[in-house]
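K.L.:
this one's sequence-less:
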Ligand code: PEP
Ligand code: MN
């Protein structure tokens, strides 16, 4: 349910309405927009009497929200959310590129890649330390040592860093990490989502599960947001379809649909979607053209010897060339 407040309603009255809702176990979520102020009601609203609320002087109207996601819903928050990732902003017209290797391997590797992607215009560094691998015999990531090396690269370059959390018990290792990634395989690990959402307000990069609908993705965002963290970035990273020519099928149209359904920023990962370095730049350009709020791209200084996802990793030179195309496409005013 959302409550649309009359223009010029005194703040005191708005606060009084919020307290009344809180007394009824509803968490009020105020969104002050340019045109109107909306109070979103989070919680069980079935016992609220719409006519009683509509009779309050400052209330213009009350609207029930049919969708099961509330905090993530565009109706709750008509303006786009801008997520600030230690200075790199994503959403509401702010575009950021996150780049780096699939996994942190050595100090030389992560620092070299970090310097290279920064000089080509990336505004954040990625690097997995805890890796969700299909095979238990594959490289599982360096764990705590990987986080340490990633933070070292952060100090060397000043780039904010993104890395994946697989289990909540590791959270303290992430204290200096700027953005916590929840991977596709954990998108519906509801306990993890709830634990992370209540532990921190730091940005969460939530990747769409490979067989998840948009409603499921938004419900997962809702778990994080309803636990107390509003800073969620959604990520389309390709889904499973009947097609086998690429690692996954990049579902690019969801950028537009998610922007319609939700105020949260949406970024695209063409690396995991295509699975092949030669296919990444075109999909990245298309994502920028369709209005994505950012990209996450795998880059390795020696893709042939990468311990994970080398086939889909761009060299620093290829990444630099791709960034020039992204810049050009973003300057095309005709796109928006
Ligand atoms: C990754 O970003 O390296 C990763 C494992 O991504 P996903 O969860 O989308 O597969
Ligand atoms: Mn990867």
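P.N.:
Noted; the coordinates are in hand. Only a predicted model underlies this, so the values are computations on that prediction, with no experimental measurement involved. Ligands and ions are numbered 1, 2, ... in the order given.

K.L.:
which non-adjacent residue is nearest residue 22?
P.N.:
residue 28 (6.5 Å; C-beta to C-beta, 6 or more residues apart in numbering). Quick note: C-beta positions are derived from backbone N, CA and C, even for glycine.

K.L.:
can you list contacts of stretch 144-157?
P.N.:
Stretch 144-157 has contacts (C-beta atoms under 8 Å, 6 or more residues apart in numbering) with 103-104, 106-107, 110-111, 113-115, 118, 125, 127-130, 142, 159-161, 163, 170, 173-174, 176-178.

K.L.:
picking up where we left off before, next helix or strand past the helix or strand hosting the residue nearest to residue 22?
P.N.:
Using DSSP states H and E, residue 28 sits in strand 27-32. Counting by DSSP H and E, the next helix or strand C-terminal to strand 27-32 is strand 37-42.

K.L.:
same for the helix or strand that comes right after that following strand, what does it pack against?
P.N.:
Tracing the chain C-terminally past strand 37-42 and defining elements by DSSP H and E, one meets helix 50-54 next. For helix 50-54, the elements it packs on are strand 59-63, judged by 3 or more C-beta pairs under 8 Å, 6 or more residues apart in numbering; DSSP states H and E.

K.L.:
Next secondary structure element downstream of the strand it packs on?
P.N.:
That would be, after strand 59-63 and using DSSP H and E, strand 83-85.

K.L.:
For the helix or strand hosting residue 113, report the contacting residues that lie outside it.
P.N.:
In this assignment (DSSP H and E), residue 113 forms part of helix 107-119. Here helix 107-119 makes contact (C-beta under 8 Å, 6+ apart) with 99-101, 104, 125, 127, 149-150, 152-154, 156-159, 299-302, 316, 319-320.

K.L.:
are any of those buried, and which?
P.N.:
Among the contacts of helix 107-119, those buried by neighbour count (16 or more other C-beta atoms under 10 Å) are 99-101, 104, 125, 127, 149-150, 153-154, 157, 159, 299-301, 316, 319-320.

K.L.:
returning to that earlier point: which of the residues in the helix holding residue 113 are buried?
P.N.:
For helix 107-119, a neighbour-count test (16+ other C-beta under 10 Å) marks 109-118 as buried.

K.L.:
Quick check: closest non-adjacent residue to the residue in the chain that ligand 2 sits nearest to.
P.N.:
Using C-beta to the ion, the closest approach of the chain to ligand 2 is made by residue 102 at 3.3 Å. Nearest non-adjacent residue to residue 102, counting by C-beta to C-beta, 6+ apart: residue 309, 3.7 Å away.

K.L.:
Ligand 1 contacts on the stretch 151-300 of the chain?
P.N.:
183-185, 207, 237, 269, 272 (C-beta under 6 Å from any ligand atom).

K.L.:
Buried among those residues? Need that as a selection in ChimeraX.
P.N.:
Here is the ChimeraX selection string for the buried members of those, based on 16+ other C-beta under 10 Å:
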select :183,184,207,237,269,272
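
K.L.:
Let's have the residues of the stretch 151-300 of the chain next to ligand 1 in JSON lines, adding pLDDT.
P.N.:
Converted to JSON lines, these look like this (pLDDT from 0 to 100):
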{"residue": "183", "pLDDT": "98"}
{"residue": "184", "pLDDT": "98"}
{"residue": "185", "pLDDT": "98"}
{"residue": "207", "pLDDT": "98"}
{"residue": "237", "pLDDT": "98"}
{"residue": "269", "pLDDT": "98"}
{"residue": "272", "pLDDT": "98"}
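
K.L.:
tell me which strands and helices the helix or strand of the chain with the lowest mean pLDDT is in contact with?
P.N.:
When the helices and strands of the chain are compared on mean pLDDT, DSSP states H and E, strand 27-32 comes out lowest with a mean of 90. Secondary-structure packing of strand 27-32 (3+ C-beta pairs under 8 Å, 6+ apart): helix 11-23, strand 37-42.

K.L.:
which of the ones you listed sits most buried?
P.N.:
Ranked by mean neighbour count under mean count of other C-beta atoms under 10 Å, the helices and strands packed on strand 27-32 are led by strand 37-42, which reaches a mean of 20.

K.L.:
Next, format the helices and strands packed on strand 27-32 as a markdown table and append mean pLDDT and distance to residue 280.
P.N.:
Converted to a markdown table, these look like this (pLDDT from 0 to 100; distance: least, C-beta to C-beta, whole Å):
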| stretch | mean pLDDT | distance to residue 280 |
| --- | --- | --- |
| helix 11-23 | 94 | 47 |
| strand 37-42 | 92 | 38 |
